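Visitor: predicted model and sequence follow; I will ask about them next.
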Amino acid sequence: MNLTSRGERLTGRIFLIALVVVTLLPFLSMLSAALQPRGTVPTGLAWPSDPQWGNFGAAFTAANMGVLLRSSLLIVVGVVPIGVVIATMAGFGLGHLRVPGGRIAFGLLLLGLTLPLEAVVTPLYYQMRDLGLLNTRWAIILPLIGLYMPFSVFWMRAHFTTVPKELSEAARVDGSNTWQLFWRIHVPLARPAIASLTILLFLWTWNQFLLAIVLVDDATKRTMAGALGAFQGQWGTDLVLLCAGSLLILTPTLIVFLIFQRQFIKALIQGSLKG
Amino acid sequence: MTSAVGSTSAGAPTRAGGEDRQPPVRPYRKRWGRTAGWLGWLWVLPALSMYGFFVLRPLLTTMQYSLYNWNGIGRAEWVGLDNYLTVVTDSDLLKIISNAFILIVFFSFAPVCLGLLVASLVRRLSAGPFGTVVRTVLFLPQVIPLVAAGIAWTWLLSTDGLVNQILRAVGLGGVTRAWLGEFDTALPSVGVIGTWVMLGLCTILLVTGMSKIDPALYEAARIDGAGPVREFFAVTLPSLRQEIGVCLTVTIIAALASFDIVYISTSGGPGIQTTVPGLEIYRLAFSQRQVGLASALAVVLMVLVLVCVLPIQRLTREEKA
């Protein structure tokens, strides 16, 4: 590491800084547009003489953001806890209890890891219609739980295969049944894995777009990303408002990411490396 | 049901349900097998049934639909493989499929190459806070909704956008254009958005991979007189086989199954210049009401993903296995 020459080091640093700037530019450019007076046509990146922070408030009201936030949260609350609990149980069954024939179940789940969502979205529409769930949040919640299972079970199973069997042995000697074993011993131990999975499922649900626009017409019952799609259709010509609204909509995910950065990145890396 | 497994010892009492509360008289393995055997499936069942009902079942339905001519409302008419024949002969659909393959260059190869460069720079220059900042910032596009990325870039690449503003500023005013609106530049422009989104993921995966490389290998290379470039090709690249495989897998799937970015930034236009299979499936199924053809395209897309991804998995696994 020390053999790198000073010149090389400088060029390298400059390159990295340039890349960081390029990565941030779209955000900055959106911010600069969002702060221009409404009704004007913004150009590129120009700091307004009189930044209109009120535009964010206007976008919040125009997009009915309070309702959208609530809707997204409802969907997240529907998807994430159920998804995490049943994936943890399945991971426990496949990874720790090693149920007979578990390999077949696991292979079936692996199939889903590469599946493009577009391959199932059409039948999901008709399936939801037949269930009478079209245009309800359930139409997003239920399929998402299923669609996340391949990764989630995979993720939890990877954790449970590393837990020593002796632990369960000892608990059983103390007279606990499998249910107690799971909740009292294994779930507390799996907390880091569960936390990572929770963060990932939250972000993926929040950002889900295709399912939201196909299965729910009413933008106020969609995920944030789905609602943003409708917002673009409605406010596409009012660039100032559109940029302000987009920034508002992407802020929650940014905040969650910045808070849980470490777990998030770890989860994604381990999840994909084991895939 | 509960006694099916672990009944190797003749005297094992069978029980209909209930959990094991006996004192540990018999060897551990047998008790384990009996309680956890087939009953263990109860743990897997909720996850598996959600997956089965909302993924496997629709998947089979897609295959079924693909053999019919159906408008989603009326009677479906059996057409056998006709829809598939259309997919592989219709020039528009072939163009749409080839668009997805062009996007692989931007979504997959570019981020992996650039990611390798960035990761080796980060490793060599800045293990400290600077490196963390670089990684975090590059990762940001990966966490925001793709829709937001699409909107940001649509604005950036528009006639009055930042890209043209910069070009004018450096005296390249003649090159300016509506990047997403013109035939030659639309698809590469969509691709650039993909590169921007995927770079962070690839970088972080590769940095992680590099941190696992034994420093002794670098020492050895240096003693042999290898410069940074030789070092990269002799040590870094071969050690990253698995990580590169993962990057390629994830990004190729993202390219072939792309939808959000294209839908927002160009809606597939101009013409079908930026239409990708994902968007076409959506359009065929929900605006054209050609559910059968949409489903055939969906099956083809799925097969294409597998055909691209499985060999990579195989190639990158072998060494470590």
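Guide: Arrived safely, thanks for sending. Numbers count the residues shown, from 1 in each chain, chains lettered A, B, ... in the order given.
Visitor: so where's the chain uncertain?
Guide: No chain specified, so I'll use chain A. For chain A, the stretches flagged by pLDDT under 70 are A:1-4, A:270-275.
Visitor: should've been chain B
Guide: Counting by pLDDT under 70, chain B shows low-confidence ranges at B:1-36, B:126-127, B:317-321.
Visitor: now the strands: where do they sit in it?
Guide: Listed in chain order, the strands of chain B (DSSP state E) span B:68-69, B:77-78.
Visitor: need the winner for burial among those strands.
Guide: strand B:68-69 (a mean of 18; mean count of other C-beta atoms under 10 Å in any protein chain shown). C-beta: built from backbone N, CA, C; applies to glycine.
Visitor: and it, anywhere near chain A?
Guide: No. Counting by C-beta under 8 Å from any C-beta of the partner chain, chain A has no neighbours in strand B:68-69; the shortest distance is 12.1 Å.
Visitor: what packs against that strand?
Guide: The contact analysis (3 or more C-beta pairs under 8 Å, 6 or more residues apart in numbering or on different chains; DSSP states H and E) places strand B:68-69 against strand B:77-78, helix B:291-318.
Visitor: domain-wise, how is chain A divided?
Guide: What the TED database lists as the domains of chain A is A:6-51, A:64-271.
Visitor: okay, and the closest residue to B:Leu56 other than its chain neighbours sits in which element?
Guide: Nearest residue to B:Leu56, sequence neighbours excluded (C-beta to C-beta, 6 or more residues apart in numbering or on different chains): A:Leu108, at 7.3 Å. Element membership for A:Leu108, per DSSP states H and E: helix A:102-111.
Visitor: that helix: how far from the chain's middle?
Guide: Here helix A:102-111 shows a centroid-to-chain-centroid distance of 24 Å under the convention C-alpha atoms, centre = their mean, to the nearest Å.
Visitor: next one: stretch A:132-148
Guide: With C-alpha atoms, centre = their mean, you get 16 Å for stretch A:132-148.
Visitor: for residue 253, list the residues it contacts.
Guide: The chain I'm using is chain A. With contact set as C-beta atoms under 8 Å, 6 or more residues apart in numbering or on different chains, A:Thr253 has these partners: A:203, A:206-207, B:143-145.
Visitor: not quite, go with chain B.
Guide: Counting by C-beta under 8 Å, 6+ apart, B:Ile253 has contacts A:114, A:116, B:305, B:309.
Visitor: again, but for A:Ala90
Guide: A:149, A:153, A:156-157, B:43-44, B:46-48.
Visitor: ok, for it, nearest residue in space, not its chain neighbours?
Guide: B:Ala47 (3.6 Å).
Visitor: assess the claim that that neighbour and A:Val84 are in contact.
Guide: No. If you go by C-beta atoms under 8 Å, B:Ala47 and A:Val84 don't touch, sitting 10.6 Å apart.
Visitor: burial count for B:Leu117?
Guide: For B:Leu117, the neighbour count with other C-beta atoms under 10 Å in any protein chain shown is 17.
Visitor: can you give me the helices for the stretch 51-200 of chain A?
Guide: In the stretch 51-200 of chain A, the segments counted as helices under DSSP state H, counting those that start in this stretch are A:54-62, A:65-95, A:102-111, A:118-131, A:138-160, A:165-173, A:178-180, A:187-189, A:191-206.
Visitor: pick the most buried one from those.
Guide: Note that of the helices of the stretch 51-200 of chain A, helix A:138-160 is the most buried (mean count of other C-beta under 10 Å), with a mean of 24.
Visitor: before we move on, the earlier item: okay, and the common contacts of B:Ala47 and A:Val84?
Guide: Common contacts of B:Ala47 and A:Val84 (C-beta under 8 Å, 6+ apart): A:Ser152.
Visitor: distance of B:Ile166 from A:Thr43?
Guide: Between B:Ile166 and A:Thr43 the computed distance is 11 Å (C-beta to C-beta, to the nearest Å).
Visitor: in a markdown table, list the contacts of A:Ala90 along with distance to A:Leu68.
Guide: Shown next, in a markdown table, are the contacts of A:Ala90 (distance: C-beta to C-beta, whole Å):
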| residue | distance to A:Leu68 |
| --- | --- |
| A:Met149 | 27 |
| A:Val153 | 31 |
| A:Met156 | 31 |
| A:Arg157 | 35 |
| B:Trp43 | 36 |
| B:Val44 | 36 |
| B:Pro46 | 30 |
| B:Ala47 | 30 |
| B:Leu48 | 33 |
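Visitor: now B:Gln165: closest residue in space that isn't a chain neighbour?
Guide: Nearest residue to B:Gln165, sequence neighbours excluded (C-beta to C-beta, 6+ apart): A:Gly44, at 3.0 Å.
Visitor: just checking, the one you found touches B:Leu162?
Guide: Yes. Between A:Gly44 and B:Leu162 there is a contact under C-beta under 8 Å: 4.2 Å.
Visitor: looking at the two, which one has more neighbours?
Guide: Between A:Gly44 and B:Leu162, counting by other C-beta under 10 Å, B:Leu162 is the more crowded of the two (23 against 19).
Visitor: which ones are touching the more buried one?
Guide: By C-beta under 8 Å, 6+ apart, B:Leu162 lies in contact with A:25, A:29, A:44-45, B:155-156.
Visitor: can you name the element that comes right after the helix or strand hosting A:Ala212?
Guide: Using DSSP H and E, A:Ala212 sits in helix A:210-215. Once helix A:210-215 ends, the next helix or strand along the chain (criterion: DSSP H and E) is helix A:224-235.
Visitor: give the next helix or strand downstream of that following helix.
Guide: Counting by DSSP H and E, what follows helix A:224-235 is helix A:239-274.
Visitor: okay, the angle between that next one and helix A:138-160?
Guide: If you take axes from the mean of the first three to the mean of the last three C-alpha atoms, to 10 degrees, helix A:239-274 sits at 30 degrees to helix A:138-160.
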